[in-house]
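[1] Pasted the sequence and its predicted model underneath.
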Amino acid sequence: MSKRDLYEVLGVAKNASDDEIKKAYRRLAMKLHPDRNPDDKVAEEKFKEVKFAYESLSDARKRAAYDQFGHAGLEGGPGGGGPGGAGGPNFSDIFGDIFGDIFTGGGGGGRGGRDSAYRGADLRYMLDLTLEEAVFGTTAKIRVPTLVGCQHCNGSGAKKGTKPAQCPTCNGVGQVRMQQGFFSIQQTCPRCHGRGVVIMDPCEHCHGHGRVEEQKTLSVKVPAGVDNGDRIRLSGEGEAGEGGGPAGDLYVQIRVKPHPIFTREENDLFCEVPISFTMAALGGEMEVPTLDGRVALKIPSETQTGRVFRLRSKGVKSVRGGLQGDLLCKVTVETPVNLTARQRELLEQFAESMGEGSHEHSPQSSGWFDKVKKFWDEMTGAG
């Protein structure tokens, strides 16, 4: 048999990834498998060639040797060093490798038989925090409903003093082989579900499941600076595994409650600060809250609604590090209400004092009215 380039045999490039090599192998193996080509010696030889190419290129050490020395780098290895060597392929095993993860749900638990162990499911818990708790960190106690290993049967599912019996359907293998035409398909045993054993006398506490429901109380240390959507992973605090398998993990997801004063955007905090129109006009100083105390905020004269004042380093320091954010205060000029007669009189006198030069004192209003006048003029001219 000629020693063709292994990448050419699989129809992939020399820089192909492991996934690309595996996909090419599966495609060709399905096409050339002897069960689909009975009494076809050419297909059989090509199948051997494809198998050898895959075994060589899927092994990092063999692939490196082949890339450097060609076929000479593969000689003397197991199986006679080539597709025609003494250790030719076992077609049923190869067929099982190709289709095993399709019909058994992946390479993890399908072939374990009586020794199979399954990792427990991961759990998620929503933890509600105040903004202060999220910013400064806290320790929270949570109660989580979960499945834990049954202590009465030590997780086996069998009644105390008994043991699980070998599955009579698959003889403890955990899988059964089904013939469909020229296909021989290996499937998970429908009776024992791949475990290789069945519970003949189930534990009366867990009813043969090996696990029972329980409420666990856990202490969760929340680091400072977490935000909405952040997750804290507690390894091994999820559901207990089946058949003695490891427990899953618990993911605590952070949900920050709305704050009456502040809103958070990444590391910055925002708040709205109402000021009187006299302070806005004349200026002044006022106290504003932060998460770690009060600070003085100077309001310059002639401040307009919507102006934002930045207080450096009064925001949040993220759990991921970096500089501390700022507090941004947006002022809103508040119109006075519930005026007394005297106050109304004073305001009227103030308005009269503005006179015809009021546009000098209200530049935004004057600019807006100028735009309105121009708009109406254009509308009238267009008509």
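    That came through, no problem.
[2] mind listing what the residue positioned nearest the centre of the chain touches?
    Closest residue to the average C-alpha location of the chain: Arg231 at 9.2 Å, with C-alpha atoms, centre = their mean. Contacts for Arg231 (C-beta atoms under 8 Å, 6 or more residues apart in numbering) come out as Tyr251, Val252, Gln253, Ile254. Where you see a C-beta, it was placed from the backbone N, CA and C, and this is true even at glycine.
[3] Can I get those residues in a markdown table including distance to Val197 and pLDDT?
    As requested, these are exported to a markdown table (distance: C-beta to C-beta, whole Å; pLDDT from 0 to 100):
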| residue | distance to Val197 | pLDDT |
| --- | --- | --- |
| Tyr251 | 32 | 92 |
| Val252 | 35 | 93 |
| Gln253 | 37 | 92 |
| Ile254 | 42 | 93 |
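[4] what ranges do the helices span in the chain?
    Here the chain has its helices, by DSSP state H, at 6-10, 18-32, 41-57, 60-69, 91-103, 131-136, 277-282, 341-354, 358-361, 363-382.
[5] May I see the ones you listed arranged in a markdown table, with mean pLDDT as well?
    Rendered in a markdown table, the data for the helices of the chain read as follows (pLDDT from 0 to 100):
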| stretch | mean pLDDT |
| --- | --- |
| helix 6-10 | 90 |
| helix 18-32 | 87 |
| helix 41-57 | 88 |
| helix 60-69 | 81 |
| helix 91-103 | 40 |
| helix 131-136 | 93 |
| helix 277-282 | 89 |
| helix 341-354 | 87 |
| helix 358-361 | 62 |
| helix 363-382 | 71 |
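[6] Out of these, which is closest to Thr335?
    Comparison of the helices of the chain against Thr335 by C-beta to C-beta identifies helix 277-282 as nearest, at 6.8 Å.
[7] Tell me where the model's unsure across the stretch 151-300 of the chain.
    Applying pLDDT under 70 to the stretch 151-300 of the chain flags the ranges 179-184, 243-244.
[8] Go again with 90.
    Applying pLDDT under 90 to the stretch 151-300 of the chain picks out residues 151-217, 236-248, 266, 277-278, 280-281, 292-293.
[9] Neighbours of Val316, how many?
    When counting by other C-beta atoms under 10 Å, one arrives at 25 neighbours for Val316.
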